[in-house]
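[1] predicted structure and sequence below. I'll ask about it afterward.
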Amino acid sequence: MNQHTPPTGTPVRRLQEMLRTLSHVHREIPFLLPNGTFGEGTLEGVMVFQRIMGLPVTGTVDQTTWDAITEEYDRVNHRLSAPRAANLFPHNPAVIQPGQTSPLLYPIQGMFLALSDVFAPVQAVQPSGTLDCGTADNLRWLQRCGHQEETGALDRETWELLSRVYETFVARQPQG
C-alpha cells in the first residue's frame, strides 16, 4: 500500500483501524476515521508511525511496516483493553458465616475498606480473613441496601451485590 496507487477496501480499513488505536497511545499519529481509502490522513498516519518506530519514512506499507504496525497494535490493544474480571466467589453454593475464616474474605474486606471512603455507614475494617463483627455489619448494611435478608453472612447473592457496588463506586472512578 502506498501513495502512488491508492488502494481501497478491507486491508486499508484494517490499517486505518490499527492506526486509530495506536493514536490513543502515540498522540502524534492522526486519529483516523476508517473509510477504506488510502488518503492523505492514512498516508500521514503511516509516515508518522514509521518515524516513531525508526523505520524508513516512505509512506509505503511494505511487509516490515505492516509487521511493525500489527505488533505495536497488539501491544497497545492489550494495554488499552479492560482487565479480565476476577471470579472470586466459589462455584459451589458456599456461605461464609460470621466468625468463620476464609481467604476469600481478604479481597471482600479490601473492597469494603475502599467503599468506606464513599459510604459513611461502611466501616473501615482491615483485611484479616475472618468474618469479624465489622465485616458482618458491612455485609448487613449491603444486604439492607440490596433488599436482601440481613444475615451478615457472605453468600453468592451478597457477593454479586458487593462486586456491582464496588465496580460502580470505586473501580470505575478516576483515580487521583
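    Thanks, I have the structure now.
[2] so where's the chain uncertain?
    Across the chain, the ranges flagged by pLDDT under 70 are 1-8, 83-86, 91-93, 173-176.
[3] can you do 90?
    Residue ranges of the chain with pLDDT under 90: 1-10, 77-94, 167-168, 170-176.
[4] any idea which residue sits dead centre in the chain?
    With distances taken as CA atoms, centre = their mean, the residue of the chain nearest its centroid is Ala82 (2.1 Å).
[5] SS state for it?
    The three-state label for Ala82, taken from DSSP: H, G, I helix; E, B strand; the rest coil, comes out as coil.
[6] as a check, name the ranges of all helices in the protein.
    Under the criterion DSSP state H, the chain contains helices at 10-22, 40-52, 63-80, 105-115, 133-145, 156-166.
[7] how big is the angle separating the third one from helix 10-22?
    Our comparison of helix 63-80 with helix 10-22, counting by axes from the mean of the first three to the mean of the last three CA atoms, to 10 degrees, yields an angle of 50 degrees.
[8] in helix 63-80, what's buried?
    65-66, 68-69, 72-73, 76 (16 or more other CB atoms under 10 Å). From N, CA and C alone the C-beta is placed, and that goes for glycine too.
[9] could you do the fifth one as well?
    Within helix 133-145, the residues that qualify as buried by neighbour count (16+ other CB under 10 Å) are 134-143.
[10] and that helix, what does it pack against?
    With contacts defined as 3 or more CB pairs under 8 Å, 6 or more residues apart in numbering; DSSP states H and E, the secondary structure elements packing on helix 133-145 are helix 105-115, helix 156-166.
[11] ok, and what's touching that helix?
    The set of residues that contact helix 133-145 without belonging to it, under CB atoms under 8 Å, 6 or more residues apart in numbering, is 98, 105, 108-109, 112, 115, 119, 121-123, 125, 131, 149-154, 158, 161-162, 165.
[12] how far out from the middle of the chain is that helix?
    28 Å (CA atoms, centre = their mean, to the nearest Å).
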